[in-house]
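K.L.:
Sequence and predicted model, in that order:
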Amino acid sequence: MTSKKTTIVNPMGMHMRPAQLFIQTVTPFNCDVTLLANGKEINGKSIMNLMAACIKQGAEVEVRCDGPDEEKALKAIIELIDSGLGE
C-alpha cells in the first residue's frame with residue numbers, strides 16, 4: 001500500500017464533474033483506491049461515495065492505493081487533485 005496527503009484546491013470541491021473525472025482517472029488502474037477525508041474512508045472508485053462525502057475546497061485528503069499498479073495510480077490521482085480536478 002502507498003499513500004499521500006494533499007489538499008482539495010478547486011473552488012467547488014468534489015461535486016459531480018470533478019468526481020466523474022476522478023473516476024475516469026482511477027478506473028483503468030488495477031488497485032483499490034481509498035480517500036480519507038472528514039474522518040471517513042471513501043471508496044475512490046465509487047462516484048456516489050465521492051459525492052456523498054461532501055469534500056470541500058481546503059479539505060486535506062489522504063489518498064491510499066493498494067494493488068499491482070498502486071504507484072502509478074497514486075501519481076495520477078495526486079496530479080489530478082493538485083491540478084484542481086479539471087476546474
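P.N.:
That came in fine, so what should we check first?
K.L.:
what's the closest non-adjacent residue to the residue of the chain positioned farthest from its centre?
P.N.:
Relative to the C-alpha centroid of the chain, counting by CA atoms, centre = their mean, Pro68 is the outermost residue, at 18.0 Å. Using CB to CB, 6 or more residues apart in numbering and skipping residues adjacent in sequence, the residue nearest Pro68 is Asn30, 5.0 Å away. C-beta coordinates here come from the backbone N, C-alpha and C atoms, glycine included.
K.L.:
now Asp82
P.N.:
In this structure, Asp82 finds its nearest non-sequential neighbour in Thr6, 6.0 Å apart by CB to CB, 6+ apart.
K.L.:
that older thread, pull the number of nearby residues for the residue nearest to Pro68.
P.N.:
Each residue near Asn30 was counted by other CB atoms under 10 Å, and the total is 10.
K.L.:
which residues sit in contact with it?
P.N.:
The contact partners of Asn30, taken as CB atoms under 8 Å, 6 or more residues apart in numbering, are Gly67, Pro68, Asp69.
K.L.:
before we move on, what about Lys72?
P.N.:
Phe29.
K.L.:
Next: Pro18.
P.N.:
Pro18 neighbours (CB under 8 Å, 6+ apart): Asn10, Met12, Leu85, Gly86, Glu87.
K.L.:
and it, what element?
P.N.:
Element membership for Pro18 (DSSP states H and E) is helix 16-26.
K.L.:
got the buried residues for that helix?
P.N.:
For helix 16-26, a neighbour-count test (16 or more other CB atoms under 10 Å) marks Pro18, Ala19, Phe22, Thr25, Val26 as buried.
K.L.:
That's all I had, so thanks and see you.
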